[in-house]
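Trainee: The following block contains a protein sequence and its predicted model.
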Amino acid sequence: MATTTNGGDAAAAQAQPTGPSLNVLAQYVKDFSFENPNAPRSLMQSPQQPQISVQINVNTNALSTTEYEVELKLEGKAEVSGNTLFGFDLLYAGVFRLTNIPQDNLPPLLMIECPRLLFPFAREIVANAVIHGGFPPLLLDPIDFVSLFQQRMANLQGQQPSVQA
């Protein structure tokens, strides 16, 4: 009769390679500003809908062979008739551990999946700041990080991204 100990099972499990994994180690605000330059005049209800513009950028920084910082930068402002109602600038980041990932798969994971995980938290920070600035919440639409990644790759290759219908 053969018996197996937990120690033997653990040693066998450690000897076998594990599959790919992505872990969030930390999330944090690196930089944030909210401006309400024309308050209190800007807080008076205007019959016009504000013109809202938002720019998004993603940057990565290798911290080690398996750990990466991913920064999600959101900049935006709301204007009515050329007057700024409010503006914001958020740099939200996370540290991710990626193990057993083929080298070719790292850029899409870092530029698509990691910012996709960060975005809901950044969206909430912006919405709360706008509310605390005296305005209705600004709920940013979901971002297509796949398209942003494809545009970036096309720009790096000196080509325009192809549009498919």
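Mentor: Structure received.

Trainee: who are the neighbours in contact with residue 37?
Mentor: Counting by CB atoms under 8 Å, 6 or more residues apart in numbering, residue 37 touches 84, 86-87. Yep, even glycine has a C-beta here, placed from its N, CA and C like the rest.

Trainee: What of residue 140?
Mentor: 54, 74, 123, 126-127.

Trainee: what about burial for the residues you listed, which qualify?
Mentor: 74, 123, 126 (16 or more other CB atoms under 10 Å).

Trainee: Closest one of those to residue 156?
Mentor: If you rank the buried ones among the contacts of residue 140 by distance to residue 156 using CB to CB, residue 74 comes first, at 22.2 Å.

Trainee: Could you pick out the longest helix of this protein?
Mentor: Determined from DSSP state H, the single longest helix within the chain is helix 114-132.

Trainee: can you give me the helices for the protein?
Mentor: 6-15, 106-108, 114-132, 145-156.

Trainee: just checking, what packs against the strand ranked longest in the chain?
Mentor: Longest strand of the chain, by residue count under DSSP state E: strand 83-99. With contacts taken as 3 or more CB pairs under 8 Å, 6 or more residues apart in numbering; DSSP states H and E, strand 83-99 sits against strand 21-35, strand 67-80, helix 114-132.

Trainee: Which of those has the highest mean neighbour count?
Mentor: Comparing the helices and strands packed on strand 83-99 by mean neighbour count (mean count of other CB atoms under 10 Å), strand 67-80 comes out on top with a mean of 19.

Trainee: ok, residue 76 - contacts?
Mentor: By CB under 8 Å, 6+ apart, the neighbours of residue 76 are 52-55, 87-88, 126, 138.

Trainee: can you tell me how far it sits from residue 150?
Mentor: Distance, residue 76 to residue 150, using CB to CB, to the nearest Å: 23 Å.
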